[in-house]
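Colleague: need a 3D model of the sequence below.
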Amino acid sequence: MARALVVIDVQNDFCPGGALAVPEGDAVVDACNRWMDQVDHIVLTQDWHPAGHASFASTHGQAPFSTTLLGYGEQVLWPDHCVQGTAGAAFHPDLHADRARLVVRKGFRPGIDSYSAFRENDRRTITGLAAWLRGIGVDEVLLCGLATDYCVQYSALDAAATGFRTTVIEEAVRGIDAAGVERAWATMEAAGITRG
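Modeller: Numbering: from 1, shown residues only. All right, here's what the predicted structure looks like:
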């Protein structure tokens with residue numbers, strides 16, 4: 001069987017100077033590139049929101065990082081970020097994005113946010129990634145990228161729940177909030193996810 005590296009959202013808007021910068025977000029780039037040499041297949045995820053997305057605070061006239069209820073439950077409201085076709089939505093220029101066999105775009109449906117590479121936040125809409133990975137013989141998923149306490153965590157939990165052996169590469173992830181990162185690691189380890 002084969003291993004796949006899923007590189008989560010290493011995009012300009014999540015790196016220093018971006019609209020929703022993760023502290024030291026660009027520090028993951030070299031590690032992600034190195035890990036590409038250790039696997040059989042490479043997948044990238046890309047936040048890809050339309051303007052006026054339901055997860056944007058500006059859409060609701062509310063403050064960033066407040067919450068609101070959407071049709072699928074509570075939603076954190078983010079600053080506008082990773083808008084389709086903008087420089088902020090592009091992959092970090094030093095990421096070896098051309099090595100990926102597949103790019104999974106998330107959050108492109110106007111009314112549903114999407115943290116996970118496998119399943120959107122309504123928890124019903126699947127991305128098709130699990131079936132694609134199984135179709136090419138993958139049984140182990142390694143994850144890296146941004147951010148540990150959101151998209152990496154959700155993707156790892158869904159990978160494990162879908163039956164893949166799952167590892168999050170500690171040197172190749174960064175999180176938004178220290179307390180949130182600590183909770184994320186505890187949640188992932190409780191789900192049988194390896195910290196690599």
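Colleague: and the nearest residue to W185 once chain neighbours are set aside, what are its bridge partners?
Modeller: If you skip the residues right next to it in sequence, W185 has R195 as its closest partner in space, 6.6 Å away by CB to CB, 6 or more residues apart in numbering. C-beta here means a position set from N, CA and C on the backbone, and glycine is covered the same way. When assigned by DSSP bridges, R195 has beta-bridge partners V168.
Colleague: got the phi and psi for Q84?
Modeller: The phi and psi values for Q84, taken as degrees, to the nearest 10, are phi -50, psi 130.
Colleague: that one - how many residues pack around it?
Modeller: 15 (other CB atoms under 10 Å).
Colleague: the closest residue to it other than its chain neighbours and P110, how far apart?
Modeller: With CB to CB, 6+ apart as the criterion, Q84 has its nearest non-adjacent residue at 5.4 Å, and that residue is W48. To P110, W48 is 12 Å away according to CB to CB, to the nearest Å.
Colleague: of the two, which one has the most company?
Modeller: With neighbours defined as other CB under 10 Å, W48 and P110 compare such that W48 has more, 20 against 13.
Colleague: wait, that one sits on G88?
Modeller: No - the pair formed by W48 and G88 falls short of the contact definition of CB atoms under 8 Å, at 11.0 Å.
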